[in-house]
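S.K.: Kindly generate the corresponding structure for this input.
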Amino acid sequence: MIRVTDVTHDYGAERALDGVSFDVRAGEIAGFLGPNGAGKSTLFKLLSTYLPVQSGSIELAGFDVVKAPLEVRARIGYLPEHNPLFDGMRVDRFLAFVGAAHGLDGAELAARAEWVVERCDLRSVLTKHVRECSKGFRQRIGLAAALIHDPPVLLLDEPTHGLDPLQVASFRAFVRELAPGRAILFSSHVLAEVAAISDRILLLVRGRLVLDLPLAELEARARARRATLEDLVLEAVRDSAASDSLVREGGVP
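M.R.: Here you go, the predicted structure:
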């Protein structure tokens, strides 16, 4: 459902993504791991059609993000790292507004709004204005808005940011429930967060995808080497840094 092929993106002279390729199938949760500044948010902006693709190609739910951006937007739920909400709107009216923007109305809109309110535990803040809600509630409101139209593709950029430990545990269980029939890609810079929920781990370092393995395979490698997941991830980061150094010094053609 998500296909990224040889995507490169530059901000002027700075390369944010460098030949990134991967697929995420329906029913799969892929965790995108990387330090701050690795290019994760840039990739999510490309996937959501917020930024135009400069080089390479991206398809979501069978539609090219350049050739059919409206079809893509109708089929994705996107929770960005910096959650944009209308602070002056009441929570219930904000959700109704987002649902209507996705073409929902009448009984269908009411049913979907009720579903996201229940699943995201928003009942207690429905009549509050968004600006009156805590950071944790604001994150849940953003997640509800991403889910209200029942999209087959979910893009979650640092989705547990601002949630307390109990809310994080609940969120992980919820995402697992959402996985059947959906392709889910979420990003984090915390390995434990990615490992707790993912079927696959993708590691992005300085714009390059340096690791893409099923979690079970990565765990098996760690056991075989009597190492931890963190050891293997740090090794991949170090190997990437060494490769970059060789390229800069002219040691690799």
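S.K.: Distance check, S21 against I141.
M.R.: 34 Å (C-beta to C-beta, to the nearest Å). To be clear about C-beta, it is placed using only N, CA and C from the backbone, and glycine gets the same treatment.
S.K.: who's more crowded, those two?
M.R.: The neighbour comparison of S21 against I141 (other C-beta atoms under 10 Å) goes to I141, with 23 against 13.
S.K.: Helix or strand for G99, just tell me which one.
M.R.: Using DSSP states H and E, G99 falls within helix 91-101.
S.K.: What average pLDDT does the helix or strand just after that helix get?
M.R.: Downstream of helix 91-101, the next assigned helix or strand under DSSP H and E is helix 106-119. Mean pLDDT, helix 106-119: 95.
S.K.: Check stretch 67-75 too.
M.R.: 95.
S.K.: If you count neighbours, what's buried in it?
M.R.: For stretch 67-75, a neighbour-count test (16 or more other C-beta atoms under 10 Å) marks A68, V72, R73, R75 as buried.
S.K.: ditto for stretch 107-114
M.R.: Applying 16+ other C-beta under 10 Å to stretch 107-114 flags L109, R112, A113 as buried.
S.K.: residue ranges for the helices of the stretch 151-253 of the chain, please.
M.R.: Taking DSSP state H, counting those that start in this stretch to define them, one finds helices in the stretch 151-253 of the chain at 165-178, 191-195, 215-224, 229-249.
S.K.: Switch those helices over to a markdown table; also include distance to E28.
M.R.: Output for the helices of the stretch 151-253 of the chain, formatted as a markdown table (distance: least, C-beta to C-beta, whole Å):
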| stretch | distance to E28 |
| --- | --- |
| helix 165-178 | 12 |
| helix 191-195 | 14 |
| helix 215-224 | 11 |
| helix 229-249 | 19 |
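S.K.: closest one to N36 among the ones you listed?
M.R.: Set against N36 and scored by C-beta to C-beta, those come closest in helix 229-249, at 13.1 Å.
S.K.: what residues go with each domain of this structure?
M.R.: 1-75+152-219, 85-150 (automatic domain parsing).
S.K.: Next, format those domains as JSON lines and append distance to T228.
M.R.: Converted to JSON lines, those look like this (distance: least, C-beta to C-beta, whole Å):
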{"stretch": "domain 1-75+152-219", "distance to T228": "9"}
{"stretch": "domain 85-150", "distance to T228": "29"}
